[in-house]
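**Student:** Turn this into a structure:
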Amino acid sequence: MTTLGQIYDCLDGWAPFSTQASYDNAGLLVGSREREARRVGVALDVTSETLSAAQNEGCDAIITHHPVIFRPIRSIGDESLLARLIRAGIAVLSAHTNLDAAEGGVNDLLAGLLGLEEVEKLADPNTPGLPPGARMGRLPRPLSAEGLARLVKDTLDAGGVRFTDREGPIERVAVCGGAGADDFMLPAMAAGCGALVTGEAKHHQWLAAREDNFCLIDGGHFSTERIVKKELAHRLAGAFPDLQVCLLAERDPARYLI
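**Tutor:** From the prediction side, this is the model:
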């Protein structure tokens, strides 16, 4: 028998929940440690789509990257996701910023997929007490800004990629899945990187990147983080032979005109 508490402890040993960012809400969010789990689904998010898939698969729990409860909740409607989860008896355990920073987590996987070499950790100077969340490394061969953006799009099968142009070849690249421009664009520049690959950026960051001849690449929040699903499923299946683990089908919530 595998319990949610055992699954939590397994993930905690890989990506300690104590290392999550102060604004985060990672952890066991629906259900109790004592509850038994025979089959779990792995997803980036709890949505109507993944909840239906979990019900069809007979899952007792969903393991997600993004917390299903992120901000304080003032009410729960009868047809809200939380109410539907509870009625269905499906628990939710989420590993978020702790999984971004973990060895072998989101950002290590992203660096590996893009073929970066000599990978190092890149810290956010605003969170000195937490482990470095982003990664940086060297490309096997220098690329132009457009060439790197194309590599990101093709490697991640992203629906669309935005980027700022840059004069000269790019050799060193920083990566941070999800919304990483706020915390890691300036540290990446200070570390001598010519580019940051992330999943979200704001208008003023695009302006600053262009002014500073820096290549900022937005590969999409969904595309830069869904890469962790297979690793999550692999580790859970390896740790609990009696636990059935499945990947829940989901798609990028955004659509793109190409």
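
**Student:** so Arg255 sits in a strand?
**Tutor:** No: counting by DSSP: H, G, I helix; E, B strand; the rest coil, Arg255 is not found in a strand; it is coil.

**Student:** Next, the contact list for the closest residue to it other than its chain neighbours, please.
**Tutor:** Sequence neighbours aside, Gly159 is the residue nearest to Arg255 in space, at 7.3 Å (criterion: CB to CB, 6 or more residues apart in numbering). Glycine gets a C-beta too; all of them are placed from N, C-alpha and C. Listed by CB atoms under 8 Å, 6 or more residues apart in numbering, the contact set of Gly159 reads 220, 223, 252, 254-256, 258.

**Student:** redo that, cut-off 7 Å
**Tutor:** 220, 252, 254, 256 (CB atoms under 7 Å, 6 or more residues apart in numbering).

**Student:** who touches the residue nearest to Asp24 when sequence neighbours are not counted in this structure?
**Tutor:** Leaving aside its sequence neighbours, Asp24 sits nearest to Thr97 (CB to CB, 6+ apart; 4.7 Å). By CB under 7 Å, 6+ apart, the contact list for Thr97 reads 20-21, 24, 26, 133.

**Student:** which one of the residues you listed is nearest Glu36?
**Tutor:** Glu36 lies nearest to Ala26 out of the contacts of Thr97, by CB to CB, at 22.1 Å.

**Student:** Of all residues in the protein, which one is nearest the centre?
**Tutor:** In the chain, the C-alpha nearest the mean C-alpha coordinate belongs to Glu225, at 3.5 Å (CA atoms, centre = their mean).

**Student:** Could you report the separation of the closest residue to it other than its chain neighbours from Glu211?
**Tutor:** Nearest non-adjacent residue to Glu225, counting by CB to CB, 6+ apart: Gly177, 4.4 Å away. To Glu211, Gly177 is 25 Å away according to CB to CB, to the nearest Å.

**Student:** what do you get for Leu236?
**Tutor:** Counting by CB to CB, the gap from Leu236 to Glu211 is 45 Å.

**Student:** can you give me the strands in the stretch 51-200 of the chain?
**Tutor:** With DSSP state E, counting those that start in this stretch as the criterion, the stretch 51-200 of the chain has strands at 61-64, 91-94, 117-122, 134-143, 162-163, 170-176, 195-198.

**Student:** on that earlier part again, of Leu236 and Glu211, give the one with the bigger neighbour count.
**Tutor:** Leu236 (20 against 9; other CB atoms under 10 Å).

**Student:** distance of the more buried one from Ala201?
**Tutor:** Counting by CB to CB - Leu236 and Ala201 are separated by 32 Å.

**Student:** Could I get the contacting residues of His204?
**Tutor:** By CB under 7 Å, 6+ apart, His204 lies in contact with nothing.

**Student:** Report the secondary structure state of it.
**Tutor:** Following three-state DSSP, we place His204 in the helix state.

**Student:** Do you know the pLDDT at it?
**Tutor:** Looking at His204, its pLDDT is 98.

**Student:** Same question for Ala237.
**Tutor:** pLDDT, Ala237: 97.
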